[in-house]
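S.K.: Any chance you could fold what I've pasted below:
(2 chains)
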Amino acid sequence: MQKTRLFRLPLLFAASLIIPTTYATDASSSGQPYYEWKVENFEIKEPLGGLEGNAVRGKAIAGNQSRGNCLACHLLPIPEEPFFGNLGPPLTGIGSRQSTGMIRLHVVDQSRFNPETVMPGYYRTPAQLNRVAKALKGKTWLNAQEIEDVVAYLTSLK
Amino acid sequence: MKILTLSNCFFFALTLPLTTITLSAAHAQQPVSGYDYLTPEMQEMQIDDFGNPGMLTVDAGEIRFSTAGKNGKSCASCHGDDGSKLDIKHIASYPVYSTALKKPLTLRGQILLCQDERIGGPSLGHSSAEALQLEAFVRRLALGETVNVDVSGEMAPYYEAGKNLFHTRWGQVDIACHQCHVYHAGRTFRGQTLSQGQSNGFPGYRYTAGKAVSTPERITGCLANLRAEPYASDSVEYINLEVYMNARGNGLKIETPGIRY
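M.R.: You can find the predicted model right below:
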């Protein structure tokens, strides 16, 4: 299996360098207000803040360990990133299975679908969270523009 | 809550099998060591005393064990050279209830008490390298011994408090420990196989951190990943978590120093 080959001893420590143990204290919400969102029939129909997403940027965010880090749990068609997880279902072809509004709710707050989900809430209401790291207080993981970018990327996966 | 429409029910039908399978696995959960989830290469590294980088910390602890404190005595003065007079079954039962302190005492806590009161200091910080070395050396003495924490009687409320913390959602990521370590043990997260989050390999060597860490420091690692504010290593929260986590692993063998992610 690929994993066994990658984790041979000399590479063990190299691997540790590319798996950060802490996330960068990011600029995620910098300069952007928190936009309220509304769920109807398991969809968020309106783009957050009326922003327009960009699929190319979205792909970069989804593949980046310190940003979306979606690959930690999902298979995505990003072959240059070897480390992905299988906690979540593969997202290949998601754009042909689900509406944009439903994809948006998955990324914003997966717990609306499954209260026991392990998927992080990337745009969950900050006030409802417990003991957020001091540097990140009041911030969402991704900002509204980044959410829209990721949504545009997933929607493009046909 | 909103009434489910037919199409939503269909959606739930799709996602539910995943949750129910993992949940039923959780009910039947027997403790499994983190060792069992490692790659064969890492397992080999752990059981090879010369290849296991955690042994450097154990060796440093051994030297410290016979280093005299301010009153001229060392740990070895009471516990024998190489700690041979220590009861390894008792080492494997920490945290224990201290009737003097009226609260649970971790192995680290006991070591720091001896350092202060029996060998007259100097005091070591709770999260100091020296404390970690001593703890690693002492727990290594109980290698292969069965973890056996008694959480009856006075320990019960601390166990319950720790259990609660293990089931609390943390940080910006807003996930609880059990959601990963109970529901998803065995699945892959960031290229690593998730284990049950057991503590029997600690103090152990984390290759992702490039150093030896204790159980509280390992918890801090997960809290940081959850983008939560960690606690101090001697906080009530970490002590309660250690009570719960060690007891949750009752029956596992001590592996200090484990090699872990």
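S.K.: Would you pull up the residue in chain B closest to chain A?
M.R.: B:Gly191 (3.3 Å; C-beta to the nearest C-beta). In short, each C-beta sits where N, CA and C put it, glycine included.
S.K.: my guess is B:Ala185 meets B:Val32, correct?
M.R.: Yes: using C-beta atoms under 8 Å, B:Ala185 is in contact with B:Val32, at 7.2 Å.
S.K.: Who has more neighbours out of the two?
M.R.: Between B:Ala185 and B:Val32, counting by other C-beta atoms under 10 Å in any protein chain shown, B:Ala185 is the more crowded of the two (21 against 15).
S.K.: So which bits of the stretch 101-250 of chain B are right by chain A?
M.R.: B:168-175, B:179-180, B:183-184, B:187-192, B:194, B:207-210, B:221, B:224-225, B:227-229 (C-beta under 8 Å from any C-beta of the partner chain).
S.K.: Next, report how far stretch A:140-151 is displaced from the centre of its chain.
M.R.: 8 Å (C-alpha atoms, centre = their mean, to the nearest Å).
S.K.: now swap in stretch B:77-94 and tell me
M.R.: Stretch B:77-94 sits 20 Å away from the centroid of its parent chain (C-alpha atoms, centre = their mean).
S.K.: what's it in contact with?
M.R.: Under the contact criterion C-beta atoms under 8 Å, 6 or more residues apart in numbering or on different chains, stretch B:77-94 has outside partners B:62, B:65-66, B:75-76, B:96, B:105-107, B:110, B:114, B:118-119, B:137-139, B:141-142, B:145-150, B:246, B:254.
S.K.: How about stretch B:175-190?
M.R.: A:3, A:19, A:65, A:69, A:71-73, A:83-87, A:116-118, A:120, B:19, B:22-23, B:25-26, B:29, B:32, B:37, B:165-170, B:193-197, B:222, B:226.
S.K.: and if we set it to 6 Å?
M.R.: With contact meaning C-beta atoms under 6 Å, 6 or more residues apart in numbering or on different chains, stretch B:175-190 is reached by A:19, A:72, A:83, A:85-87, A:118, B:22, B:26, B:166-169, B:194-197.
S.K.: Tell me, how many residues neighbour residue 148?
M.R.: Unless you meant another one, I'm taking chain A. Count around A:Glu148 with other C-beta under 10 Å applied: 23.
S.K.: meant chain B actually
M.R.: 16.
S.K.: which SSE is the closest residue to it other than its chain neighbours in?
M.R.: What sits nearest to B:Asn148 in space, not counting adjacent residues and going by C-beta to C-beta, 6 or more residues apart in numbering or on different chains, is B:Ser93, at 5.1 Å. Under the criterion DSSP states H and E, no helix or strand holds B:Ser93.
S.K.: Got phi/psi on B:Ser93?
M.R.: With angles defined as degrees, to the nearest 10, B:Ser93 sits at phi -110, psi 10.
S.K.: Next one: it from B:Met155, what distance?
M.R.: Noted for B:Ser93: a distance of 11 Å to B:Met155, by C-beta to C-beta, to the nearest Å.
S.K.: One more: A:Leu136?
M.R.: Going from A:Leu136 to B:Met155 by C-beta to C-beta gives 35 Å.
S.K.: Looking at those two, which has the bigger crowd around it?
M.R.: Neighbour comparison, A:Leu136 and B:Met155: the larger count goes to A:Leu136, with 21 against 18 (by other C-beta under 10 Å).
S.K.: Surely the more buried one and B:Gly171 touch.
M.R.: No: assessed by C-beta atoms under 6 Å, A:Leu136 is found out of contact with B:Gly171, at 7.9 Å.
S.K.: chain center to stretch B:185-200: distance?
M.R.: Relative to the centre of its chain, stretch B:185-200 is centred 14 Å away, using C-alpha atoms, centre = their mean.
S.K.: got a pLDDT number for A:Thr22?
M.R.: Confidence at A:Thr22, expressed as pLDDT, is 34.
S.K.: Take the contacts of stretch B:175-190 and keep only those in strands.
M.R.: Taking DSSP state E as the definition of strands, those contribute B:Arg169.
S.K.: At the geometric centre of chain A, which residue do we find?
M.R.: A:Gly68 (3.6 Å; C-alpha atoms, centre = their mean).
S.K.: how about that residue, what does it touch?
M.R.: Contacts here follow C-beta under 6 Å, 6+ apart; on that basis A:Gly68 touches A:Ile61, A:Ala62, A:Val150.
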